[in-house]
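S.K.: whatever this is, show me its structure:
(2 chains)
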Amino acid sequence: MKYSYKIVARDRLARHARMETVHGVIETPVFMNVGTVGAIKGAVSTDDLREIGTQVELSNTYHLHVRTGDQLIHDFGGLHRFMNWDRPILTDSGGFQVFSLAGLRKIKEEGVTFASHIDGHRIFMGPEESMQIQSNLASTIAMAFDECAPALADREYVINSVARTTRWLERCRTEMARLNSLDSTINREQLLFGINQGAIFDDIRIDHAKRIAEMDMDGYAVGGLAVGESHEQMYHVLEETVPYLPSDRPTYLMGVGTPANILEAVDRGVDFFDCVYPTRNGRHGNVYTNRGKLNLFNKKYELDPEPIEEGCGCPACRSYSRAYIRHLLKAGEMLGMRLCVLHNLYFYNTMMSEIRDAIDKGNYAAYKAHKLAGMEGEKQ
RNA sequence: GCCUACAUAGCUCAGUCGGUAGAGCAUGCGGCUGUUAACCGCAGUGUCAUAGGUUCGAGUCCUAUUGUGGGCG
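M.R.: Numbers count the residues shown, from 1 in each chain, chains lettered A, B, ... in the order given. Sure thing, here's the model as predicted:
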């Protein structure tokens, strides 16, 4: 048994499920905390992650390949041992870097050639290389190597891109099966999720969803969203596409998003999320609360004795005022960023727990409406 | 006391051949969606030390004064 995925409760399209993996249980809907290079930016340790209720840590294939090298991590015993994290890890495949490093790469059928963003040296990554790197990292869940195309790409480009991503998925699957059969492989039960693409073209999305649904992947992601389209377009794509992905498998909306995005996507059947917002925004002094997002750099907090959010149990709110955290941020002290990141991740993890409870109780719609209304007025 | 350099935004400083001033930092605000991001963007602020002079026109040239630094006594 590589894993099991059992739906515990449903509320319309929203579902609470329990996924058992070789690295333990994941209760979904879940927010995976993004630690691209095997670390949550902002001086957050894996001890911290345990304290704030993190279920899954997410790292990146391209970035760990560039620094410090997946072979080294394999030789150390895998990413779990390397970063002292024994719970599930999901590794992204490098497909997003095809988008985010668009100026530094060339796409061909075989794969993508990057100019390293560190020193410019050539790095070739195709489906096989991405699987080999992720196998070396020995993550719980590997992601298929895809092309994350810009949301506003034209139709012809998207058709060609998605066709190639489909061919790449076949190659990923073959290579992963080979790697999982090798004695030298650390995690021979590594899971592989396929990724749906198609920009904002409903028919391309649906055709692709049907196509990859036949490939019996361990889970299915919707990629290529939150990359330039509107929220309405994103929700529309989910409504059109998710029904064509196998409902007995995990569904993962990649890279999304704001608390409101997550609340809406859960209502459309999504189980897994990840986003840099809580970490990046935290480092930039933006913190999430049930009454919206605050910018702690703002002058209005300079004498504010309140915690970021009254009643919050995170390490920042338990001990420090907005005024002190603002001071730390203004002074460039790492502690300021760290406290904001811890708060934000705690906020996200706690919201996911509330979401699961609401689904269990069958009042998800009411919970969502209440949560959204509270955050109204401040931008998400 | 003499010689010399300097004085321009909150701070540190640019400022061409004379044509009424700019950068960095700081400040205020905004942005960030599978992290090239402790990042990026926008905005505000000036008796150009003071007083005269030359000139159509002076931050810029001349004189004096004040202040500050350095050197010599």
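
S.K.: name the residues that touch stretch A:202-215?
M.R.: A:155, A:158-159, A:162, A:165-166, A:169-170, A:173, A:194-199, A:220, A:236-237, A:240-241, A:244-246 (Cβ atoms under 8 Å, 6 or more residues apart in numbering). All C-beta atoms are positioned from the backbone trio N, CA, C, and that covers glycine.

S.K.: give me the buried subset of these.
M.R.: Burial by neighbour count, 16 or more other Cβ atoms under 10 Å: within the contacts of stretch A:202-215 this picks out A:158-159, A:162, A:165-166, A:169, A:173, A:194-199, A:220, A:236-237, A:240-241, A:244-245.

S.K.: give me the subset of these lying in strands.
M.R.: If you go by DSSP state E, the buried ones among the contacts of stretch A:202-215 have A:194-196, A:220 in strands.

S.K.: before we move on, the earlier item: narrow the contacts of stretch A:202-215 to those in helices?
M.R.: Of those, the ones assigned to helices by DSSP state H are A:155, A:158-159, A:162, A:165-166, A:169-170, A:173, A:236-237, A:240-241.

S.K.: turn these into TSV, including distance to RNA strand B and pLDDT.
M.R.: Putting the ones in helices among the contacts of stretch A:202-215 into TSV (distance: Cβ to the nearest atom of the strand, whole Å; pLDDT from 0 to 100) gives the following:
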residue	distance to RNA strand B	pLDDT
A:R155	18	96
A:V158	12	97
A:I159	16	97
A:V162	11	98
A:T165	9	98
A:T166	14	98
A:L169	11	98
A:E170	16	98
A:R173	15	98
A:H236	14	98
A:V237	13	98
A:E240	18	98
A:T241	14	98
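
S.K.: could you give the separation of stretch A:9-21 from the chain centroid?
M.R.: What separates the centre of stretch A:9-21 from the centre of its chain is 18 Å, taken as Cα atoms, centre = their mean, to the nearest Å.

S.K.: now do the contacts for the closest residue to A:K2 other than its chain neighbours.
M.R.: Leaving aside its chain neighbours, A:K2 sits nearest to A:E189 (4.5 Å; criterion: Cβ to Cβ, 6 or more residues apart in numbering). Counting by Cβ under 8 Å, 6+ apart, A:E189 touches A:2-3, A:22, A:180.

S.K.: where's A:E128, which helix or strand?
M.R.: Using DSSP states H and E, A:E128 sits within helix A:127-137.

S.K.: actually, A:K293.
M.R.: strand A:292-295.

S.K.: can you show me the CA trace of the helix or strand just after that strand as PDB?
M.R.: Going down the chain from strand A:292-295, the next helix or strand is helix A:315-319, by DSSP H and E. C-alpha atoms of helix A:315-319 as PDB (Å, rounded to 0.1, in the frame of the first residue of the first chain):
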ATOM      1  CA  PRO A 315       4.200  32.500  19.100                       C
ATOM      2  CA  ALA A 316       4.000  36.100  18.000                       C
ATOM      3  CA  CYS A 317       0.500  36.800  19.400                       C
ATOM      4  CA  ARG A 318       1.200  35.000  22.700                       C
ATOM      5  CA  SER A 319       4.000  37.400  23.600                       C
END
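
S.K.: can you give me the buried ones in helix A:315-319?
M.R.: Neighbour-count burial for helix A:315-319 flags A:315-317 (criterion: 16+ other Cβ under 10 Å).

S.K.: average pLDDT for the helix or strand following that helix?
M.R.: Next along the chain after helix A:315-319, taking DSSP H and E as the criterion, comes helix A:322-330. Mean per-residue pLDDT for helix A:322-330: 97.

S.K.: if you compare the directions of whichever helix or strand comes after helix A:322-330 and helix A:322-330, what angle comes out?
M.R.: Moving toward the C-terminus from helix A:322-330, the next helix or strand (DSSP H and E) is helix A:334-361. Using axes from the mean of the first three to the mean of the last three Cα atoms, to 10 degrees, one finds that helix A:334-361 and helix A:322-330 are set 120 degrees apart in direction.

S.K.: still on that earlier bit, which of the contacts of A:E189 are buried?
M.R.: Buried members of the contacts of A:E189, counted by 16+ other Cβ under 10 Å: A:3, A:180.

S.K.: so which of the contacts of A:E189 also contact RNA strand B?
M.R.: Among the contacts of A:E189, no residue sits close to RNA strand B (Cβ under 7 Å from any atom of the strand).

S.K.: max pairwise distance over the contacts of A:E189: which two?
M.R.: The most widely separated members of those are A:Y3 and A:N180, with 12.8 Å between them, by Cβ to Cβ.

S.K.: which element, helix or strand, includes A:T185?
M.R.: Assigned by DSSP H and E, A:T185 falls outside every helix and strand.

S.K.: close enough to count as contact, it and A:R178?
M.R.: No. Between A:T185 and A:R178 there is no contact under Cβ atoms under 8 Å: 9.5 Å.

S.K.: higher neighbour count, these two?
M.R.: Using other Cβ atoms under 10 Å, the more surrounded residue of A:T185 and A:R178 is A:T185, with 18 against 14.

S.K.: separation between the more buried one and RNA strand B?
M.R.: Note on A:T185: its distance to RNA strand B, by Cβ to the nearest atom of the strand, to the nearest Å, is 22 Å.

S.K.: so who does that residue touch?
M.R.: Shown in contact with A:T185 (Cβ under 8 Å, 6+ apart): A:135, A:138, A:179.

S.K.: could I get these as a markdown table with pLDDT, distance to RNA strand B and neighbour count?
M.R.: Putting these into a markdown table (pLDDT from 0 to 100; distance: Cβ to the nearest atom of the strand, whole Å; neighbours: other Cβ atoms under 10 Å) gives the following:
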| residue | pLDDT | distance to RNA strand B | neighbour count |
| --- | --- | --- | --- |
| A:S135 | 98 | 16 | 26 |
| A:A138 | 98 | 18 | 25 |
| A:L179 | 98 | 18 | 21 |
